[in-house]
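Chemist: Could you look at this predicted model? Sequence included:
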Amino acid sequence: MVNKVWFRYGIGLLLFFLIIKYFLEINHIFYPIIIVVQSILLPLLLGGFLYYCTVPIQTFLEKRKFKRWQSVLSIMLLLFIAFGIFVSFLGPVIYDQSKNFVDSYPKIEKEVNHYINVALDQRDKLPEDAKTKINDALSKINNSIGKIISNAFNVITSFVSTMFLLILVPFFLIYMLKDHDKFIPFVTQIFKGDQKLFVTKLFKDIDKTLRSYIQGQVTVSIILGVLLLIGYFVIGLKYALILALWGMVTNLIPFLGPYLAIIPAMIIALIQDPIMVVYVIIIMFIAQQLEGNIITPNVMGKSLNIYPLTIITVILAAGNLGGFMAILVAVPTYAVLKVIVTNTYEYILKTNEKIKQKEKVEMDR
């Protein structure tokens, strides 16, 4: 039994979990390393995100005889120009709409409370179980609001520290654009033979998966944001630009994105004019139908090949484990893990097949 493949891999898996267990128990020894990793994780992820968004531009430029440093410099210049245009033209609009929203917040809160009170007045007509659930939900909401208020200082502190960390993003992006083609040769130089081929293929597949997902999802989100902006402007919805930008960002989250996008739009529409809620629902329905049936199939195709139920499960699990940021990275992380497991399984099968063939040849001799 010791020589069985499943037994050896089972022992290896058991040792792996034991290492994780003891690592968590003595994590105070590695605390400085954990702090360093946590500090660079956000700028590294944002730098990687921008890298996959801009690497097609680099490929386009280098095909037209641009040198590497010229393509990197051109991309950074384009990003600064785009940021400048965004701040110059859209910044004032976003500022005005944000200021109007803040000024109108007391009125919005009053209207929302009014609708809540109207709904609560109907509680007496509900069964006892429904009343209990409503009361529990309200108590949880009140507790959450209290926690948010009490942690306001911590939120502000975290925001300031995050802004300082974002300074590192351009440096990560520059190095990724400059040396991305040297990464795989650097990692695989310690391997030989079939192992080197396996690791090379593994990293290429991971790169292809992340490239397909990020570039496709960003393209789809931008198109959807433009569709929502046009629709909101047509119906005259207030804070149209902010709501469209919010819809564009939340669409980066598969399946849950549309629901997160429509909630604030419906609240604003309800306060502006109750009939506007119907218009918002129609606009979101049309946009989602176009996105799901035309835009996404043509832009992304079936690049990840993940079942919808699996994506929903992964997103819900990530939300419980790490909140909003975990939800954003849940699907690409799962896709990468799937690529690793698939490639490892194929490598094991090929290795076992070669061993069997070798043993057969020796027996024939």
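Modeler: That came through, no problem. Given the structure is predicted, the values throughout are model-derived calculations rather than measurements.

Chemist: Next one: the residue nearest the centre of the chain from residue 285, what distance?
Modeler: Residue closest to the mean C-alpha point of the chain, counted by CA atoms, centre = their mean, is residue 328 at 2.3 Å. Look at residue 328 and residue 285: by CB to CB, to the nearest Å, they are 25 Å apart. (Each C-beta comes from the backbone N, C-alpha and C, glycine too.)

Chemist: Residue 268 now?
Modeler: When distance is defined by CB to CB, residue 268 is 18 Å away from residue 285.

Chemist: out of those two, which sits in the more crowded spot?
Modeler: Between residue 268 and residue 285, counted using other CB atoms under 10 Å, residue 268 has the larger neighbour count: 22 against 12.

Chemist: my guess is that one meets residue 235, correct?
Modeler: No: the criterion here is CB atoms under 8 Å, and residue 268 misses it with residue 235 at 11.3 Å.

Chemist: picking that back up, so what's the residue nearest to the centre of the chain scoring on pLDDT?
Modeler: According to the prediction, residue 328 has pLDDT 79.

Chemist: And residue 13, by the same measure?
Modeler: Residue-level confidence at residue 13 comes out at 79, pLDDT.

Chemist: Which strand or helix spans it?
Modeler: In the assignment (DSSP states H and E), residue 13 maps to helix 5-25.

Chemist: cool, and residue 207?
Modeler: When elements are assigned from DSSP H and E, residue 207 belongs to helix 193-235.

Chemist: right, and the helix or strand after that helix?
Modeler: Beyond helix 193-235 on the C-terminal side, the first helix or strand identified by DSSP H and E is helix 240-250.

Chemist: what packs against that following helix?
Modeler: Packing partners of helix 240-250 (3 or more CB pairs under 8 Å, 6 or more residues apart in numbering; DSSP states H and E): helix 91-121, helix 193-235, helix 256-272.

Chemist: For residue 320, find the nearest of the ones you listed.
Modeler: Go through those one by one with CB to CB and the one that ends up closest to residue 320 is helix 256-272, at 13.1 Å.

Chemist: Packing partners of the closest one?
Modeler: When contacts are defined as 3+ CB pairs under 8 Å, 6+ apart, helix 256-272 sits against helix 91-121, helix 240-250, helix 274-290.

Chemist: rank the ones you listed by mean pLDDT and give me the bottom one.
Modeler: Out of the helices and strands packed on helix 256-272, the stretch the model trusts least by mean pLDDT is helix 91-121, with a mean of 66.

Chemist: how about low-confidence regions in the stretch 151-300 of the chain?
Modeler: 151-165, 297-300 (pLDDT under 70).

Chemist: hmm, try it at 80
Modeler: For the stretch 151-300 of the chain, the stretches with pLDDT under 80 are 151-166, 253-259, 271, 291-300.

Chemist: before we move on, what about the stretch 1-150 of the chain?
Modeler: 1-13, 16-17, 19-42, 86-87, 89-150.

Chemist: sorry, back to before: which strands and helices lie in contact with the helix holding residue 13?
Modeler: Counting by 3+ CB pairs under 8 Å, 6+ apart, helix 5-25 packs on helix 308-364.

Chemist: ok, how many other residues are close to residue 89?
Modeler: For residue 89, the number of neighbouring residues by other CB under 10 Å comes to 10.

Chemist: where's it relative to residue 265, distance?
Modeler: Separation of residue 89 from residue 265 (CB to CB) stands at 23 Å.

Chemist: repeat for residue 187
Modeler: Applying CB to CB, the value for residue 187 to residue 265 is 45 Å.

Chemist: okay, the two: which has more neighbours?
Modeler: With other CB under 10 Å as the criterion, residue 187 and residue 265 differ in neighbour count, and residue 265 comes out ahead with 27 against 14.

Chemist: So that one sits against residue 240, correct?
Modeler: No: Residue 265 is beyond contact range of residue 240, at 9.1 Å (criterion: CB under 8 Å).

Chemist: who touches residue 254 in this structure?
Modeler: Applying CB atoms under 8 Å, 6 or more residues apart in numbering, we find residue 254 in contact with 311, 315, 331.

Chemist: nearest to residue 46, of the residues you listed?
Modeler: Nearest member of those to residue 46, counting by CB to CB, is residue 331, at 17.1 Å.

Chemist: pretty sure that closest one is touching residue 314, no?
Modeler: Yes: with contact defined as CB under 8 Å, residue 331 and residue 314 form a contacting pair (6.3 Å).

Chemist: More neighbours: which of those two?
Modeler: residue 331 (22 against 19).

Chemist: now residue 249, nearest residue through space, not along the chain?
Modeler: residue 221 (7.3 Å; CB to CB, 6 or more residues apart in numbering).

Chemist: just checking, that neighbour touches residue 245?
Modeler: No: the pair residue 221 / residue 245 is not scored as a contact, 10.2 Å apart, by CB under 8 Å.

Chemist: who's more crowded, these two?
Modeler: Neighbours around residue 221 and residue 245, counted as other CB under 10 Å, are more numerous at residue 221. The numbers are 20 against 17.
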